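In: Give me a model of this one.
(one chain, ligands or ions: 1)
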Amino acid sequence: MTDSLLDDLQASVSEAVAAVDGASDLEALDTIERSALGKKGFFTAAKKAVGGLEPDERKAAGQGINEAKATLDQAIAARKSALQTSARAAQYESERLDLTEVPATASVGHAHIVTQTWEELEDVFVGMGFRVAEGPQVETDWHNFDAMNIPKGHPARDGFDTIYVNHGEPGSTLLRTHTSPVQMRTMLEQEPPIYVIAPGRVFRRDTADATHMPVFHQLEGLVIDRNISLADLAGTIDSFVEAYFGKTFPSRLRPNYFPFTEPSAEFDLQQPDGSWLEMGGCGMVHPNVLRAGGVDPEEWSAFAFGFGMDRLALMKYGVDDLRDMFANDQRFLAQF
Ligand code: DAH
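Out: The predicted structure follows:
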């Protein structure tokens, strides 16, 4: 009785093991497992049959069933692990990224047109013997205005649409409206002779149009030495234009007024279409400014200039609209 029961079970187990080994995926394996070990499976049937055996036969039968089950369990576990491994491998393969070749469409990018201009201008002036100076973008009212000969109440203050910062005494802190305060910081920091440029970002409460932005960039220049004249200023501007643009543009100095220079001039370049584009201001540094910086105007003379860097780039690359430079449109930026 026991023998035939165990023989039948053995046959079922062999069949099941063969099915397990042949299971093509985890789902098929699960079906086989349930049909063998579930309530309606042959193991349950075999266990029930043990109840009908003679008591002395039951032990051997029970042992035989356990062994048969262990064989099947082992086969299932082995197959399950193999199927899981290959399923994972298949998933990895399907998710694999081929990094052996960088696609031709991926570009490494390059510096922004304004950054390029900034660096080129530094190179030009460093080549002419200037040093690069820096100052903070959040500036004191004193450095930005008072020290530059624009005391409180001076009408020139209205010309700068100043953005004030809520810090300290009301009106004492601002976003610098020009790079000219770096002149002051430089004078207070070092003794003449001084040959510096100060490229930097400046801020004004301005509406954006083709030639204006509320945030833009200027290139300040300051030369303090003995016997500096307006001719030195004009010569410096000419050399700079030729070095930067690679050719001479028709240029002109128009008399103008700035509180920090006397005399003062506006520097224009003629565009290919014949129109003049204002590049910035310049002049001989006002004695009050030199004095505020601790420089004796009897001993030293100085010229200064402040150009719009973005406008220089506009001119150099023939860009029509300043706003294009800051819209961050790849189609525009990639051209430079
Ligand atoms: N700071 C002036 C501005 O932003 C530009 C300027 C004019 C700078 C004359 C100078 C200068 O250094 O001498 O409008």
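In: Could you use CA atoms for every contact and neighbour count after this?
Out: OK.
In: any idea how far residue 326 is from the residue of the stretch 101-250 of the chain at minimum distance from the ligand?
Out: In the stretch 101-250 of the chain, the residue that lies nearest the ligand is residue 178 (4.5 Å; C-alpha to the nearest ligand atom). Distance of residue 178 to residue 326, given as C-alpha to C-alpha, to the nearest Å: 19 Å.
In: What residue spans form the domains of this protein?
Out: Here the domain parsing of the chain from automatic domain parsing is 2-95, 113-333.
In: Would you format those domains as CSV with mean neighbour count included?
Out: CSV is the format used below for the domains of the chain (neighbours: other C-alpha atoms under 10 Å):
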stretch, mean neighbour count
domain 2-95, 15
domain 113-333, 18
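In: any chance of these in a markdown table, plus mean pLDDT?
Out: Listed next are the domains of the chain as a markdown table, based on pLDDT from 0 to 100:
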| stretch | mean pLDDT |
| --- | --- |
| domain 2-95 | 85 |
| domain 113-333 | 93 |
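In: Those residues of the stretch 151-300 of the chain touching the ligand, which are they?
Out: Neighbours of the ligand within the stretch 151-300 of the chain, by C-alpha under 6 Å from any ligand atom: 178, 180, 220, 258, 261, 280, 281, 282, 283.
In: Recalculate using a threshold of 5 Å.
Out: Residues of the stretch 151-300 of the chain lying close to the ligand (C-alpha under 5 Å from any ligand atom) are 178, 281, 282, 283.
In: Mind putting the residues you listed into JSON lines with secondary structure?
Out: Below are those laid out as JSON lines (DSSP: H, G, I helix; E, B strand; the rest coil):
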{"residue": "178", "secondary structure": "coil"}
{"residue": "281", "secondary structure": "strand"}
{"residue": "282", "secondary structure": "strand"}
{"residue": "283", "secondary structure": "strand"}
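In: Pick the one among those closest to residue 61.
Out: Of all those, residue 61 sits closest to residue 178, with 99.4 Å by C-alpha to C-alpha.
In: wait, isn't that closest one in contact with residue 218?
Out: Yes. Between residue 178 and residue 218 there is a contact at 7.0 Å, judged by C-alpha atoms under 8 Å.
In: which neighbours do these two share?
Out: Counting by C-alpha atoms under 8 Å, 6 or more residues apart in numbering, the shared contacts of residue 178 and residue 218 are residue 202.
In: Could you identify the helix or strand that succeeds the biggest helix by length in the chain?
Out: In terms of residue count, the longest helix belonging to the chain (DSSP state H) is helix 55-95. For helix 55-95, the succeeding helix or strand toward the C-terminus, using DSSP states H and E, is helix 113-127.
In: Much appreciated, bye for now.
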